[in-house]
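> What follows is a predicted protein model with its sequence.
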Amino acid sequence: MAGYLFGLMAICAIVVYVLATNRAGSVRDRAAEKTHSRPVYHGLNAAIWTGVPAFVFLLIWLLAQNSVLDLLILSNFPGAADMTEAQRSLVISEIRQVAAGNIFQDPSPEILAAVEHFRSLERTAAWAMVASVAALICAGAFLGLRVIRNRFRARHSFERAVTWFMIFSSLVAIVTTFGIVASLLYEAGQFFARVPFYEFLFGLRWEPQIAIRADQVAGQGAFGMVPVLFGTIVISALAMIVAVPVGILSAIYLTEYSAERFRAVVKPLLEILAGIPTVVYGFFAVLTVAPLIRSIGLSLGIDAAPNSALAAGGVMGVMLIPFISSLSDDAFAAVPRAMREGSYALGATKGETIRKVLLPAALPGIVGGVLLALSRAIGETMIVVMAAGLIARMTLNPFEAVTTVTVQIVTLLIGDSEFDNPKTLAAFALGLVLFIITLGLNLIALRTVRKYREKY
């Protein structure tokens, strides 16, 4: 039903736009004095009045409808006042499942009565929603067409609406960010209430497998994040070893040595790597690169694991090449041409100019790109989930399997998970650490770029 209403809003807004534009044109042709706004602004203003109030109302209705229906159902359900919050949630879930036709056992008479009440309320709410949205559309269209006058400031009204929309978009981004941070802090606080803070930060054992239910057999668990963070650093370092030299050298070649036709072909092809889904990189790592590294290691007498840090880090480095290459290319292009020509005038060769003039001048942009790529490597999930291991160990041997923060977050949050035990809550503590690390790297990169951008 909601989808049809959104489509109705769009169609009505388009129709009113056409009508308002034509009417504004007629008013302009009949007017003796100059009109304030062009007909297109009258049409846009009328379309906004037609669609936006109804759109906002429908969003609020959809967000509040389920909560209101749940309250109305529980208000008539026998014994609901004496239930706990968990019991009420189970009752509501059962009523909705039965109403949807998903019946796994014979429902009680109270549930059947509540289902009938729920269906009646749902029908009433649907018709009330349709009537309210239609009324708002008609009222908005009427007002939008009525205000069309020769001196009506339709352009100002449209620009104010666009300004408010941009403010709303900014607020949504800010509120979403605060919501993510608040949820991480809250759940991490629940974890640290069960596990000491110093044990998590400085512990050398990571064994989060603990019993979730009473019938399960598991250990007591150990939540030292040092091995997990160590594995993340190892894989990220391997990725940067691959990405940094290849990215910077490719940017130097495309900027200083290649022909324009070659650059026009190769640069888009290189940047295609940034558009490949990370799951494709993960499949490539686990099906091609990891077996190849294992076979090479065994041929050299090295006991290589099926999933190795080298496989995950190498493929991740290939994924990061476009980030560093593109940002380094922009940094090289921003260096004034006069600095190159001055170096050549003093007798320097092209290689000397690149080493002693171009690289120092573009260094802030290159460093910023490298740090941004590093933060991307630390936060990468799919490649390391598919190609890295699950056992946390502190080793510098790239042929062994290690685990990372993102792998453990995924592992802890899948399967039979409940958010009242340290095993599941540990994922939020790891997420908070990962958020702080990537945020710090991004801030350092932005500060580096801003501090030295105007020097050259």
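Done, it's in.
> Could you measure from residue 400 over to residue 388?
Distance, residue 400 to residue 388, by C-beta to C-beta, to the nearest Å: 10 Å. For every residue, glycine as well, the C-beta is placed using N, CA and C.
> any shared contact partners between the two?
The overlap between the contact sets of residue 400 and residue 388 (C-beta atoms under 8 Å, 6 or more residues apart in numbering) consists of residue 309.
> Which one's more surrounded, the two?
residue 388 (30 against 21; other C-beta atoms under 10 Å).
> Quick check: the more buried one vs residue 174, distance?
Counting by C-beta to C-beta, the gap from residue 388 to residue 174 is 34 Å.
> Alpha carbons of the lowest-mean-pLDDT helix or strand in the chain, as CSV, please.
When each helix and strand of the chain is scored by mean pLDDT, DSSP states H and E, helix 85-99 comes last, with a mean of 78. C-alpha atoms of helix 85-99 as CSV (Å, rounded to 0.1, in the frame of the first residue of the first chain):
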residue,chain,number,x,y,z
GLU,A,85,8.8,-6.6,28.2
ALA,A,86,10.2,-9.8,26.7
GLN,A,87,6.9,-11.7,27.1
ARG,A,88,5.0,-8.8,25.4
SER,A,89,7.5,-8.9,22.5
LEU,A,90,6.9,-12.7,22.1
VAL,A,91,3.1,-12.2,22.2
ILE,A,92,3.2,-9.5,19.6
SER,A,93,5.5,-11.6,17.4
GLU,A,94,3.2,-14.6,17.6
ILE,A,95,0.2,-12.4,16.8
ARG,A,96,1.9,-11.0,13.7
GLN,A,97,3.1,-14.4,12.6
VAL,A,98,-0.4,-15.9,12.9
ALA,A,99,-1.9,-12.9,11.1
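> Beyond that helix, next helix or strand please.
helix 109-146 (DSSP states H and E).
> so where do the strands sit in the stretch 201-350 of the chain?
206-207, 222-223 (DSSP state E, counting those that start in this stretch).
> Make TSV from those and add distance to residue 328 and mean neighbour count to it.
Shown next, in TSV, are the strands of the stretch 201-350 of the chain (distance: least, C-beta to C-beta, whole Å; neighbours: other C-beta atoms under 10 Å):
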stretch	distance to residue 328	mean neighbour count
strand 206-207	36	20
strand 222-223	40	20
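> of all those strands, which lies closest to residue 355?
Minimum separation from residue 355 across those (C-beta to C-beta) falls at strand 206-207, 44.1 Å.
> Can you tell me what sits against the closest one?
Counting by C-beta under 8 Å, 6+ apart, 219, 221-228, 392, 403, 408 sit against strand 206-207.
> now the stretch 201-350 of the chain, which segments are flagged as low pLDDT?
Low-confidence segments of the stretch 201-350 of the chain (pLDDT under 70): 210-221.
> count of neighbours near the residue lying closest to residue 242 once chain neighbours are set aside?
Sequence neighbours aside, residue 317 is the residue nearest to residue 242 in space, at 2.7 Å (criterion: C-beta to C-beta, 6 or more residues apart in numbering). Using other C-beta under 10 Å, residue 317 is surrounded by 25 other residues.
> re earlier: nearest to residue 70, of the strands of the stretch 201-350 of the chain?
Taking C-beta to C-beta, strand 222-223 is the member of those nearest to residue 70, at 36.3 Å.
> Just send the contacts of strand 206-207 back as a markdown table, with distance to residue 287 too.
Formatted as a markdown table, the contacts of strand 206-207 follow (distance: C-beta to C-beta, whole Å):
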| residue | distance to residue 287 |
| --- | --- |
| 219 | 33 |
| 221 | 33 |
| 222 | 33 |
| 223 | 33 |
| 224 | 33 |
| 225 | 30 |
| 226 | 31 |
| 227 | 27 |
| 228 | 25 |
| 392 | 25 |
| 403 | 20 |
| 408 | 23 |
